[in-house]
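Novice: okay, predicted coordinates and the sequence, questions at the end:
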Amino acid sequence: MSTNESTMRPIKFRVWETHSNSWVTEGLWISMSGVLYEMNTDTKECWCTDITKVMFENRYILCQFTGLLDKLGHEIYEGDIVKQSWPYAGIIEKVEWDKEGSGFIPFTKPGMGGHEWESQTASDCEIIGNIHENPELLEKP
């Protein structure tokens with residue numbers, strides 16, 4: 001690759017299903033237009049679900065891949081909880097999309113601003129959980 005070329009991160013999602021409180025591992029995909037498709041894995045019957053409809057708006061939570069890896073090489077997704085090493089040693093934060101900065105950044109508390117996050121900073125943190133399975137990790141003593 002030449003120095004003028006850049007690589008884009010892969011666009012990937014993982015999906016949390018609120019009815020079963022578990023990650024969806026098969027039978028679900030999202031189109032480029034934002035339509036969520038479900039497939040019955042037994043019958044292979046397929047149907048689409050517009051996730052913006054009220055009936056389904058809280059059933060599936062999409063968590064987008066940030067394009068960054070933690071210090072152990074694990075993919076960091078929106079909603080992950082990370083423990084910082086350097087330069088924010090020991091700080092535990094939730095990864096969120098920052099609309100104003102147009103990027104994923106860690107926030108220490110809901111409603112508080114985060115700090116800029118670059119790949120070198122991300123590689124100094126470790127994923128310790130996520131907001132769906134481990135919300136208690138964000139509770140302050």
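Specialist: In hand now; what should we look at?
Novice: which single strand of this protein contains the most residues?
Specialist: strand 60-69 (DSSP state E).
Novice: helices or strands up against the helix or strand following that strand?
Specialist: Sequence order places strand 75-77 as the next helix or strand after strand 60-69, per DSSP states H and E. Helices and strands touching strand 75-77, as assessed by 3 or more Cβ pairs under 8 Å, 6 or more residues apart in numbering; DSSP states H and E, comprise strand 60-69. Where C-beta positions appear, they are placed from N, C-alpha and C, glycine not excepted.
Novice: direction included, what does the strand it packs on pair against?
Specialist: strand 13-17 (antiparallel), strand 75-77 (antiparallel) (DSSP bridges).
Novice: circling back to that earlier point, centre of the chain to the longest strand of the chain, how far?
Specialist: 3 Å (Cα atoms, centre = their mean, to the nearest Å).
Novice: which residue lies closest in space to S22, excluding its sequence neighbours?
Specialist: W16 (7.7 Å; Cβ to Cβ, 6 or more residues apart in numbering).
Novice: what residues does stretch 20-30 touch?
Specialist: The contact list for stretch 20-30 (Cβ atoms under 8 Å, 6 or more residues apart in numbering) reads 13-17, 36-41, 60, 62, 132.
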